[in-house]
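Enquirer: Quick one, structure for this:
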Amino acid sequence: MNKTLRKKIARQVVNAMNMKEEETLRINGGVHEQDLVEEIALMAEERGVHAGFTTASDNFIKESYERIPEKYLSKTSKLALKIIEVLDNTITIERPKDPRIMENIDPNKQKAATQGGRPISRKMDEHKVKWCYLGYPTEEMASKLGIKYSLLKKFIFDATLVNPKILVARSTAIKKGIFGAKQIKIWDEYGTDLTLRMANRKIMMSDGLISNDDIKHGDVGLNLPDGEVFTTPLETAGSGVLFSPKRRDRFTGKMIENIRMIFENGKLNLQKTTAEKNEKYLKRTIKICTEIDKKNEKTVRTTNFAELGIGTNPVIDRIIGYLLTDEKIGGTIHIAIGDNGNPAYGGKSHSCLHWDFITHKGVNLKTIYPNGKEIMVLENGKIVKN
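Expert: Presented below is the predicted three-dimensional model:
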């Protein structure tokens, strides 16, 4: 990354976080991202923010799983919990440099690390720590995804630098279209045919900025690149089929392809759900997270509806199997299962899993209101003017 681009990205991140003088910031990244990490820290410090950072190599990440016993990975870090007491902001930059290093990590070790990290996530929610997850393209990631590095760079950096006004305009039109709906119907030519029950939950616009109004309503996180409208449907109602062409496995990073997800009464029927490639990893991840939730949650909602998201970013135009960009594609929707109980979502489910699945571009979305009125919000992926 050249100096000019590095400063542009750092400025966009710092502006997006809406940090105030005397706030604290922690940045986590990879050693290959050291220059960007330091630039973000310096820009934050210039505004009176107290910043610190940690970086790790791919080898450190890999050996952490290989060398640290499972019983210690499952323990929650006392240091991390203590830091949250004085933490106002956290920025995490995509790592590792080569995501393929995760493919052969012992799933029991990953399960243990997820268990250990759960109290940290909860405490961050309780303290309303503002957070940002920033994508970072590498040649290794592009190779794993089977695309050119130049395309990955465009989808991450160019899409991050989109003018927020564009995202606001698109998001506002969609929010208006789904506000007050009793039901939402979604379908496309690839097999998606889904009906969601709505519950008058808040509708959030992810437009590349944590605004003062967002903070007031508990929406203290964002991804960069950004660009989506999201809300929480009723977790225990709604049925149908969602077809998602590509999704990386949460633990191994292996690509799962042509996923046909069957929902009944708001819950994923895992037995009926299929994938043409790497189905076993899809099901293994969900089963592992269900086991974790059984130990930690009074009500297990690992496979229930958690989120309806609608993409709005104009730069990203195709699915590549990378969630951070896929879920922002204009003309797609995504459905998440699992957790939606944090303040940003305002739902009723708590889980160690929040897993999004994205449709093909060109989806249709129709809202049905309590009085029976129907409105098309998306038609073949295009926003309908109402």
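
Enquirer: a strand runs through Val229, doesn't it?
Expert: Yes. Judged by DSSP: H, G, I helix; E, B strand; the rest coil, Val229 forms part of a strand.

Enquirer: Pretty sure it sits against Asp207.
Expert: No. Counting by Cβ atoms under 8 Å, no contact exists between Val229 and Asp207, whose distance comes to 9.2 Å. Yep, even glycine has a C-beta here, placed from its N, CA and C like the rest.

Enquirer: Overlap of the contact sets of those two?
Expert: Counting by Cβ atoms under 8 Å, 6 or more residues apart in numbering, the shared contacts of Val229 and Asp207 are Ser171.

Enquirer: for the closest residue to Asn18 other than its chain neighbours, phi and psi?
Expert: Here the nearest residue to Asn18 in space, its sequence neighbours aside, is Ile210; by Cβ to Cβ, 6 or more residues apart in numbering that works out to 4.8 Å. Ile210 adopts backbone torsions of phi -90, psi 100, taken as degrees, to the nearest 10.

Enquirer: What pLDDT is listed against Ile210?
Expert: Model confidence at Ile210, expressed as pLDDT, equals 94.

Enquirer: residues near it, how many?
Expert: Summarising burial for Ile210: neighbours were counted as other Cβ atoms under 10 Å, giving 22.

Enquirer: same check, this time on the one 4 residues further on
Expert: By the measure other Cβ under 10 Å, the count of residues near Asp214 is 20.

Enquirer: And for Leu151?
Expert: Counted with other Cβ under 10 Å, residues neighbouring Leu151 total 16.

Enquirer: do the same with Lys153
Expert: Around Lys153 sit 18 other residues, with neighbours defined as other Cβ under 10 Å.

Enquirer: With adjacent residues omitted, what lies nearest to it?
Expert: The spatial neighbour of Lys153 that comes closest, neighbours along the chain excluded (Cβ to Cβ, 6+ apart), is Pro137 at 4.6 Å.

Enquirer: One more: Met141?
Expert: Nearest to Met141 is Pro99, by Cβ to Cβ, 6+ apart, at 5.7 Å.

Enquirer: Pretty sure that neighbour sits against Gly253.
Expert: Yes. In terms of Cβ under 8 Å, Pro99 counts as a neighbour of Gly253; the distance is 4.6 Å.
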